[in-house]
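> Predicted model and sequence follow; I will ask about them next.
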Amino acid sequence: MSSLRAGEQLDHYRIDSVTARSGMASIFRGVDLRDGRDVAIKVPHPEMEADPVLYDRFLREQAIGVALDHPGVMKVFDDPDRSSLYMVMEWVPGRLLRQILGAQGKLPVERALRITIAIAEALDYIHSQGVVHRDLKPENIMVDDADRIKLIDFGIAGKEGSRRLTFAKLSQVMGTPDYISPEQVKGRRGDGRSDIYSLGAMLYEMLTGKTPFTGNNPFAIMNDRLLNYPVPPRELNPEISPELQEVVYRALERDPKSRYPKAREMAWDLAHLDQVGAAERPELLEWKKRRRPWLRQVLFYTAMALIPVAVFGLLLYVAKHT
């Protein structure tokens, strides 16, 4: 099915072009021939349909999208009469926030605020519906010419009360290393505050042109998040006010209990920075102290080295007693 070509028809949708391909699905731009409406069509690869967990995830993503109805969330259209498994969504004009950041490096403060407030308002809505995005990042935010936003790709979103799905791949379980919350790094499912953490990481990047935590690989980035403080945003961009820096820190608190409990509270502070008090934080004094997980690394590699020894010993024991 993902081998569809331009000009072909899928039920009452005409395929116009391929817009994206991933390991699990292809996304096509198309037209609903019933009313001429432009749509995006997500078609899973055959191997995904054959995997029960990924199949369930696709169905959950579709169900979540159909249930959500907000101007800041990409709409998914329901149609029980489709001839095969695929998802139809509204066609969203604009550019990915990742493309904007790639072209500009960082954004003017006012624009970063405008985009972040809009994202926070969309998050507040989905959280009120019991949905956690869990993979919030610039690649999943569409921005139009008026800086209106759409949250897209609910592929690993969680629904309150639904059973937990298990995945083989780290990225599918946890999100993206640059934006993942500390509790997700520790293997917890996370809640709306996890999305707020990811939004704080994106705001940091919009304001400074850099992500708050770094490393040579995904595990190093995640460890950096657990052990160290980011460079204060004002060190990288003096145009950031102390009050705005405080909002970033409140969103990036390691402990979810210390973070903004609701996205709307973060949005309110961003819209009323003159009423935000800037605290004397340890982050401002200790960010240059870089802690490294040497003990954890030594224990990990020691355990890995002992595995063959343990297996050999077990085989030897079995051989002597059979």
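Happy to help now that I have it. A quick note: this is a predicted structure, and the numbers were derived from the prediction, not measured.

> OK, contacts around the residue nearest to Ser194 when sequence neighbours are not counted?
Spatially, and ignoring its direct neighbours in sequence, Ser194 is nearest to Ser181 (4.1 Å; Cβ to Cβ, 6 or more residues apart in numbering). To be clear about C-beta, it is placed using only N, CA and C from the backbone, and glycine gets the same treatment. Applying Cβ atoms under 8 Å, 6 or more residues apart in numbering to Ser181 gives the contacts 190, 193-194, 197-198, 256.

> Out of these, give me the two with the largest separation.
Using Cβ to Cβ, the two most remote members of the contacts of Ser181 are Ser198 and Pro256, lying 12.2 Å apart.

> So these two - more neighbours on which side?
The neighbour count for Ser198 versus Pro256, taken as other Cβ atoms under 10 Å, is higher for Ser198 (28 against 19).

> Show me the contacts of Ser181 that map onto helices.
193-194, 197-198 (DSSP state H).

> Quickly name whichever of those is closest to Asp144.
Ser198 (21.3 Å).

> correct me, but the closest one touches Tyr179?
Yes. Counting by Cβ atoms under 8 Å, Ser198 touches Tyr179, with 4.3 Å between them.

> which residues do these two both contact?
Contact criterion Cβ under 8 Å, 6+ apart; residues shared by Ser198 and Tyr179: 136-137.

> contacting residues around Val276?
Val276 touches 243-244, 246-247, 269, counting by Cβ under 8 Å, 6+ apart.

> Any of the residues you listed buried? List them.
243-244, 246-247, 269 (16 or more other Cβ atoms under 10 Å).

> Now intersect the residues you listed with the helices, please.
243-244, 246-247, 269.

> Next one, pLDDT for the residue nearest to Arg259 when sequence neighbours are not counted please.
Leaving out its chain neighbours, the residue that sits closest to Arg259 by Cβ to Cβ, 6+ apart is Glu253, at 4.5 Å. We have a pLDDT of 95 for Glu253.

> Perfect, I'm done here.
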